[in-house]
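Chemist: Dropping a prediction and its sequence here:
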Amino acid sequence: MTISAEARQGTPSGYRILNEADLRAYLAAIPSVATQLGGPADHWAITEVGDGNLNLVFIVKGSSGGLAVKQALPYVRLVGESWPLPLSRAHYEHLALTHQNRLAPGLVPAIVHHDAALALTAMELLEPHIIMRKGLVAGTIYPSFVDHVTTFMAQTLFFSSDLALTAAAKKVAIASFAGNHALCKITEDLIFTDPYRIAEQNRWTSPWLDATAADIRADLDLHVAISRLKLKFLSSAEALIHGDLHTGSIMVTDTETKVIDPEFAFYGPMGFDVGAVLANLLMAYFASDGHERSQGERQAFESWVLGTVDQVWSGFAQKFLTLWRSEARGDAYPLSLFPGEAGAARLEAERQAYMARLFQDAVGFTAAKIIRRILGLAHNIDFELIEDAKRRATCEARALRLARTLMVEGGSFTSIGSVTNAARELRHWQPGF
Ligand code: ADP
Ligand code: MG
């Protein structure tokens, strides 16, 4: 495949876009990989399956095992060569996967091989896992998801924060991800800016949501709130965040959960990851009314999803606090400042206050993630697969209404129960169209 001069800018020498035949020859020349796949290379089954927005993903299967091979393109796949995007994102994805493997073992795919020049990573093939969002659209319940995702978030966020790291180690770590700014910029534009103004790439379920979209473009209270969240995203290097932790970046079976696709990773605000999970569960909840299923199935699914929203926050908070009480080796909150029983009690109160602030951040980011999926560029199949556009708009309007309240009146939501109650109250609300 050829690449335009524009897209080639900044492309390292040695980079070429691989097709299936190229990949076969490439993998066959790496003895450890060839052994893992097993059998003669010309018997390997190779298919490109990338259904994401940005990269190529090949599934490779041999007689002994399989791999997923991800290669970055010098542009945004969804849009094409007119939107160049640096290949360095493959480096940051590999770096993030490496850290996550160490911080939350077993919850991300194992890395098998990385080639910086080709912007390529070969990793454990997740099979029979499916993208969680697809399961949610089908109304599937995942009982062990809460435990896994809360462990992933608590461990990756806590152990990369100032609560666990020395100041020097933290600063080195921040620097190692600081070059991933092109991916951050996508978030800054598509999540924190474009849905609130006229932007070419915005779209929504028209004509039903035209008035709501216009209201949001004129809502200065909302513009202040999203700007505060954007500033937090820009300036709060709290921990190594995944940066795109939606249900399309999570692969599941009944018993396993694996987080994939951390190419947006950098040192940012913890609440952004937590909010991403909460937002995507809430969208699955509101979308449920648009999908064909029996009354009983619908009720069971919706009550599981809302219960999961509850437990994602409470489970995360509990695990994070447990780590803080036992593994706080970082430079923040020196124990010598909190001596004796009185000191310990005061520090514990401060931990609770910290979690309350983190909860406020998460509520705000939850709202931001909902609004961008309904009014911005990238939509999700939870809503998109609802064929009847008016019915889809009704589900989306409920989610938008919740999001607007969460963002502007965030301070009045002091517990996750108040968020799920607000969602439940909007479940049967009929917008006036
Ligand atoms: P993008 O960055 O382009 O969004 P993803 O990392 O999300 O790419 O991968 C795109 C798709 O490839 C996923 O939705 C999933 O279906 C498949 N995929 C990615 N990684 C794996 C893996 N390790 N095992 C199996 N399938 C995978
Ligand atoms: Mg991606």
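Modeler: Cool, the structure landed. Numbers count the residues shown, from 1 in each chain. Ligands and ions are numbered 1, 2, ... in the order given.
Chemist: what number of residues lie near the closest residue in space to Asn180 that isn't next to it in sequence?
Modeler: Nearest in space to Asn180, with sequence neighbours left out and distances taken as Cβ to Cβ, 6 or more residues apart in numbering, is Tyr92 at 4.3 Å. In this view, the C-beta of every residue, glycine as well, is placed from N, C-alpha and C. One way to gauge burial is a neighbour count; for Tyr92, by other Cβ atoms under 10 Å, it gives 23.
Chemist: I'd like the distance between Tyr92 and ligand 2.
Modeler: Here the distance between Tyr92 and ligand 2 works out to 11 Å (Cβ to the ion, to the nearest Å).
Chemist: and if you look at Arg24?
Modeler: Arg24 sits at a distance of 24 Å from ligand 2 (criterion: Cβ to the ion).
Chemist: List the contacts of the one helix or strand that residue maps to.
Modeler: Take DSSP states H and E as the rule and Arg24 turns out to sit in helix 20-28. If you take Cβ atoms under 8 Å, 6 or more residues apart in numbering as the criterion, helix 20-28 is touched by 16, 18, 33-34, 37, 41-42, 44, 46-48, 58, 60, 67, 69, 118, 122.
Chemist: For PyMOL, what selects the buried ones among those residues?
Modeler: The following PyMOL line selects those of the contacts of helix 20-28 that are buried, judged by 16 or more other Cβ atoms under 10 Å:
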select buried, resi 18+33+34+37+41+44+46+58+60+67+69+118+122
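Chemist: residue ranges with poor pLDDT in this protein?
Modeler: Counting by pLDDT under 70, the chain contains low-confidence ranges at 1-12, 52.
Chemist: before we move on, the earlier item: sec struct for the residue nearest to Asn180, please.
Modeler: In three-state terms, and counting by DSSP: H, G, I helix; E, B strand; the rest coil, Tyr92 is helix.
Chemist: can you tell me the residue of the stretch 301-433 of the chain closest to ligand 1?
Modeler: Nearest residue of the stretch 301-433 of the chain to ligand 1, counting by Cβ to the nearest ligand atom: Ala378, 10.2 Å away.
Chemist: what's the burial count for that residue?
Modeler: Close neighbours of Ala378, defined as other Cβ under 10 Å, add up to 15.
Chemist: does whatever residue of the stretch 151-300 of the chain ends up closest to ligand 1 sit in a helix, a strand or a coil?
Modeler: Using Cβ to the nearest ligand atom, the single residue of the stretch 151-300 of the chain nearest to ligand 1 is Asp261, 3.4 Å away. Classification of Asp261 using three-state DSSP returns coil.
Chemist: ok, it touching His94?
Modeler: No - with contact defined as Cβ atoms under 8 Å, Asp261 and His94 do not form a contacting pair (11.9 Å).
Chemist: And these two? Which one has more around it.
Modeler: More crowded of Asp261 and His94, by other Cβ under 10 Å: Asp261, with 26 against 22.
Chemist: Quick check: closest non-adjacent residue to the more buried one.
Modeler: Of all residues not flanking Asp261 in the chain, Ser249 sits nearest, at 4.5 Å (Cβ to Cβ, 6+ apart).
Chemist: Could you do Thr255 as well?
Modeler: What sits nearest to Thr255 in space, not counting adjacent residues and going by Cβ to Cβ, 6+ apart, is Ser144, at 5.8 Å.
Chemist: Pull the number of nearby residues for that neighbour.
Modeler: Number of residues near Ser144 (other Cβ under 10 Å) recorded here: 13.
Chemist: quick one, which residue of this protein lies the farthest from its center?
Modeler: When distances are taken from the C-alpha mean of the chain, Gly340 lies farthest, 40.8 Å away, according to Cα atoms, centre = their mean.
Chemist: Going along the chain, name the strands of the stretch 101-250 of the chain.
Modeler: Listed from the start of the chain, the stretch 101-250 of the chain has strands (DSSP state E, counting those that start in this stretch) covering 111-115, 120-124, 130-131, 239-241, 250-252.
Chemist: Just checking: what are the partner strands of the second one?
Modeler: Within its sheet, and counting by DSSP bridges, strand 120-124 is paired with strand 66-72 (antiparallel), strand 111-115 (antiparallel).
Chemist: Could you see whether ligand 1 lies near it?
Modeler: Yes - judged by Cβ under 6 Å from any ligand atom, strand 120-124 and ligand 1 are in contact via Met123, Glu124.
Chemist: what's that strand in contact with?
Modeler: Residues from elsewhere that reach strand 120-124 (Cβ under 8 Å, 6+ apart): 18, 27, 33, 60, 67-72, 90, 93-94, 97, 109-115.
Chemist: which of the residues you listed are buried?
Modeler: Neighbour counting with 16+ other Cβ under 10 Å marks 18, 27, 33, 60, 67-72, 90, 93-94, 97, 109, 112-115 as buried within the contacts of strand 120-124.
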